[in-house]
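> Requesting a structural model of the entry that follows:
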Amino acid sequence: MRKAILISMMIALLAPIFVHAKTVTLEGIFTSLPDAGFEKNVFIHPLMQGNGKAEINGEGYLTGAMSADDKLLLESYFFWEEGSLSKADCLSFPAQQTTQIEEIAASNGDDAAQIASSYVNASAYLDKKNAEALFPLPKYKTRQVLCISSEGKHFPQTSASIFFYNAQVGVIPMLKQ
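Residues are numbered from 1 along each chain as shown. Okay, the predicted model is just below:
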């Protein structure tokens, strides 16, 4: 009886570790597929409270987890079926590098360090500046995205279960290294 209780306790304690080991996480190095037509290398640092940092082809960016509403907006922007990203883990990045965001904020007399301190602050600031522009751009013309299917399924119009998107090159199939 005592052995059964100990075994049950060990299984309960170790189960999350085994489940986590099977899940692809949004940390690490991602590279474009060889036949993607465009080379992209993305290094994602661990997120802390929904904010993080990434390097895209060696340049520093702020990143944050995408909400369900942002995923729906992206699906609509891509003309994908609603729910295509519902079981995906996605990160969003401003199109501008962190240093560029600091320069924009400083040139406007704003607190550059505070604005560039987190993805939430930077994206809210850039969204505000975009809304004030003479010709505002759609949200996903000013963002980059990395998504991983939690089910391992391929996304629409891709040949992979991981993709990177930005307005300059579109959707790029990726691999996790």
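> all strands of the protein, in order?
Secondary structure of the chain, counting by DSSP state E: strands at 28-32, 41-44, 51-56, 59-65, 88-94, 143-149, 162-166, 170-176.
> Roughly how far does the most centrally placed residue in the chain sit from residue 124?
Ranked by distance to the mean C-alpha position of the chain (CA atoms, centre = their mean), the top residue is residue 91 at 1.4 Å. Taken as CB to CB, to the nearest Å, the spacing of residue 91 relative to residue 124 amounts to 17 Å. C-beta here means a position set from N, CA and C on the backbone, and glycine is covered the same way.
> so what's the closest residue to residue 88 other than its chain neighbours up against?
Once flanking residues are discounted, residue 88 sits nearest to residue 147: 4.6 Å by CB to CB, 6 or more residues apart in numbering. By CB atoms under 8 Å, 6 or more residues apart in numbering, residue 147 lies in contact with 66, 85, 88-91, 155, 162-163, 165.
> again, 10 Å this time
Neighbouring residues of residue 147 by CB atoms under 10 Å, 6 or more residues apart in numbering: 26, 66, 71, 74, 84-85, 88-92, 155, 158, 161-165, 171, 174.
> Show me what it bridges to in the sheet.
For residue 147, the beta-bridge partners are residue 90, residue 163 (DSSP bridges).
> and the gap between residue 66 and residue 59?
Relative to residue 59, and taking CB to CB, residue 66 is found at 21 Å.
> and what of residue 99?
Look at residue 99 and residue 59: by CB to CB, they are 8 Å apart.
> same check, this time on residue 156
When distances are taken as CB to CB, residue 156 and residue 59 turn out to be 28 Å apart.
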